[in-house]
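>>> Sequence first, then the predicted structure, then my questions.
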Amino acid sequence: MSRPTRRFPLPGFWLLACAAMLAAPAIAESDPGCGGETACSLKTGDYYIHLPQAAKADDAPLGAILYLHGHRGKAVNAIRNKSFQQMADDLGVAFVAVQGVNGTWSFPTAPRNLRDETAFFDDVLKDLSARFGVDRDRTLLSGFSSGGFMTWYLACADSGRFGGYAPIAGAFWEPLPRDCPTEPPYLFHVHGTADTVVPLEGRWLGGGKWKQGDVFQSFDVWRRQSGLAATAPKTEADGKLSCERWQPVTGVLELCLHDGGHSIQASWIRRAWTKLSEMKGWSSKS
């Protein structure tokens, strides 16, 4: 019996087939399915991401600044903010705007609790790592107003969840926690002395049902816990910011005041990232 003749594809066809097989997974891996004004949707919520414009080396870790909007805010508006985009591009980090449920955050003393935020932020960090290659150790969580409240409570729950924290115009609510079950965070807080929405001394809301906490007393929680209650801070003037800094064994506690009202500037977040990067020994580019 004669052996059947083996037929091989034409060289051109074979090359095209190999190219197609090699290209398919590469395309899938390079398309995360979200970015810019297209939300990255998880079972527990959404976030938006702006990736830095400058190319980075393949082995360079990608850091990320996560930002939490104020009450009734929309994360997509933060991702559209040109100053935030420029900050991320200059630093070589991802800028991640996270969406609260119905524009709110469910910290422990909030009027409503609509989501397990600690579980949600763990999901966000896992997704950022898997989908975009973000180095979880090189992250800074920042938030404004209500987002600042949430930032304080996430730092209190587990200071190691993020590399550092930069709350703006928002601290603990009454009743303040007696202590936090974690090591002191790398915390860089900015607040306006003329803020009437979230005053430094706090204020009552809902006809006396809830009370924003006093910023100085919020710092006292960490200072007592770190054995720094009677320790004078180091002072520093940085542009229009007047800063006081306490140095625990690990972490840092910094309060910077400006003479303005309820406002946020990208430069304050940039400053926190730069300080955190210096303290942790990161490079200037994420």
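That came in fine, so what should we check first? Numbers count the residues shown, from 1 in each chain.

>>> Which elements pack onto the strand or helix carrying residue 63?
Residue 63 is part of strand 62-68, with elements assigned from DSSP states H and E. Contacts defined by 3 or more Cβ pairs under 8 Å, 6 or more residues apart in numbering; DSSP states H and E place strand 62-68 against helix 82-91, strand 94-98, helix 117-132, strand 134-144, helix 146-157, helix 266-280. Bear in mind the C-beta positions are built from the backbone N, C-alpha and C, glycine included.

>>> List the buried residues of stretch 174-181.
176, 177, 180 (16 or more other Cβ atoms under 10 Å).

>>> correct me, but residue 247 touches residue 227?
No: in this structure, residue 247 is not within contact of residue 227 by Cβ atoms under 8 Å, at 11.3 Å.

>>> Tell me where the stretch 151-286 of the chain has helices.
Applying DSSP state H, counting those that start in this stretch to the stretch 151-286 of the chain gives helices spanning 215-225, 266-280.

>>> just for the stretch 51-200 of the chain, where's the confidence low?
Across the stretch 51-200 of the chain, the ranges flagged by pLDDT under 70 are 55-59.

>>> Recalculate using a threshold of 90.
53-61 (pLDDT under 90).

>>> Make TSV from the helices of the stretch 151-286 of the chain and add mean pLDDT and distance to residue 164 to it.
Formatted as TSV, those follow (pLDDT from 0 to 100; distance: least, Cβ to Cβ, whole Å):
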stretch	mean pLDDT	distance to residue 164
helix 215-225	98	14
helix 266-280	97	4
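
>>> Just list the residues touching residue 35, thanks.
Residue 35 is in contact with 48, 49, 50, 51, counting by Cβ atoms under 8 Å, 6 or more residues apart in numbering.

>>> For stretch 227-240, buried residues please.
228, 233.

>>> since we're on the nearest residue to residue 114 once chain neighbours are set aside, how many residues are nearby?
In space, and not counting its chain neighbours, residue 114 is closest to residue 101: 4.2 Å by Cβ to Cβ, 6 or more residues apart in numbering. When neighbours are counted by other Cβ atoms under 10 Å, residue 101 registers 16.

>>> Let me know which of the helices of the stretch 151-286 of the chain is the nearest to residue 168.
helix 266-280 (6.2 Å; Cβ to Cβ).

>>> ok, back up a step: now tabulate the contacts of residue 35 in a markdown table and tack on distance to residue 118 and neighbour count.
Output for those, formatted as a markdown table (distance: Cβ to Cβ, whole Å; neighbours: other Cβ atoms under 10 Å):
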| residue | distance to residue 118 | neighbour count |
| --- | --- | --- |
| 48 | 21 | 24 |
| 49 | 21 | 25 |
| 50 | 25 | 23 |
| 51 | 26 | 19 |
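
>>> Unless I'm misreading it, the residue nearest to residue 114 sits right up against residue 115, doesn't it?
Yes: using Cβ under 8 Å, residue 101 makes contact with residue 115 at a distance of 5.0 Å.

>>> Quickly list what's touching both of the two.
What both residue 101 and residue 115 touch, as defined by Cβ under 8 Å, 6+ apart, is the set residue 45.

>>> roughly how far out does the strand holding residue 63 sit from the chain middle?
How far strand 62-68 lies from its chain's middle: 4 Å, per Cα atoms, centre = their mean, to the nearest Å.

>>> Now do the same contact list for the residue nearest to residue 114.
So residue 101 contacts 45, 114, 115 (Cβ under 8 Å, 6+ apart).

>>> Mind listing the residues bridging to it?
residue 104 (DSSP bridges).

>>> how far away is it from residue 50?
Distance of residue 101 to residue 50, given as Cβ to Cβ, to the nearest Å: 22 Å.

>>> cool, and residue 71?
Residue 71 is 23 Å from residue 50, by Cβ to Cβ.

>>> you'd agree residue 87 is up against residue 95?
Yes: counting by Cβ under 8 Å, residue 87 does reach residue 95; the two are 6.9 Å apart.

>>> tell me, what's touching those two both at once?
residue 65.

>>> between the two, which one's more packed in?
Between residue 87 and residue 95, counted using other Cβ under 10 Å, residue 95 has the larger neighbour count: 26 against 21.

>>> So that one sits against residue 75, correct?
No: contact criterion Cβ under 8 Å: residue 95 and residue 75 do not qualify, at 10.8 Å.

>>> list residues touching both of those two?
residue 67.

>>> Packing partners of the following helix or strand past the strand holding residue 63?
Per DSSP H and E, the first helix or strand lying C-terminal to strand 62-68 is helix 75-80. Here helix 75-80 touches strand 45-50, strand 94-98, going by 3+ Cβ pairs under 8 Å, 6+ apart.
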